[in-house]
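Asker: Have a look; sequence and predicted model below, questions after that.
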Amino acid sequence: MVTAIVLVNVEHGQFDRIAEALVALKGVTEVYSVAGSFDLVAILRTPNNEGIADIVTHRILAVPGITQTQTLMAFKVYSSFDLERMFSIGA
């Protein structure tokens, strides 16, 4: 599984509409509204790099109201959240 983080800036007042449009895209698993220099963060998970490339270059950029993106490719995950969830099964 390949993971990418896409930082997104949007036109003023379009946060909810664009977040909902992004999370509806196949391969986009979460969208967060955030404080800082970007407005939204989208988490992408696909079986291969080509899937990430398709989502970023064709589907995300086709959403009206997005003014800027920056894509970060994840190499390795460090997460206590996933471990906690795995060990809580059946509890």
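Answerer: Received it, and whenever you're ready, just let me know what you need. Model, not experiment: these values are computed from the prediction.
Asker: Could you measure from residue 61 over to residue 35?
Answerer: Here the criterion is Cβ to Cβ, to the nearest Å. By it, residue 61 lies 24 Å from residue 35. All C-beta atoms are positioned from the backbone trio N, CA, C, and that covers glycine.
Asker: how about low-confidence regions in the chain?
Answerer: By pLDDT under 70, the weakly predicted segments of the chain are 82-91.
Asker: what about residue 35, distance to residue 15?
Answerer: Residue 35 sits 12 Å away from residue 15, going by Cβ to Cβ.
Asker: what do you get for residue 24?
Answerer: 15 Å.
Asker: the more surrounded of these two?
Answerer: It is residue 15, of residue 24 and residue 15, that has more neighbours when counted by other Cβ atoms under 10 Å, with 16 against 11.
Asker: how about the nearest residue to residue 59 once chain neighbours are set aside, secondary structure?
Answerer: Spatially, and ignoring its direct neighbours in sequence, residue 59 is nearest to residue 25 (5.1 Å; Cβ to Cβ, 6 or more residues apart in numbering). The local conformation at residue 25, judged by DSSP: H, G, I helix; E, B strand; the rest coil, is coil.
Asker: can you give me the end-to-end distance of stretch 4-21?
Answerer: 18 Å (Cα to Cα, to the nearest Å).
Asker: Next, the buried residues of that stretch.
Answerer: For stretch 4-21, the buried set under the neighbour-count rule, 16 or more other Cβ atoms under 10 Å, comprises 4, 6-8, 10, 14-15, 18-19, 21.
Asker: Then stretch 31-47?
Answerer: So, applying 16+ other Cβ under 10 Å, buried residues of stretch 31-47: 31, 38-46.
Asker: just stretch 68-78 next, same as before
Answerer: 69, 71.
Asker: Is the residue nearest to residue 59 in contact with residue 56, as I believe?
Answerer: No - if you go by Cβ atoms under 8 Å, residue 25 and residue 56 don't touch, sitting 10.3 Å apart.
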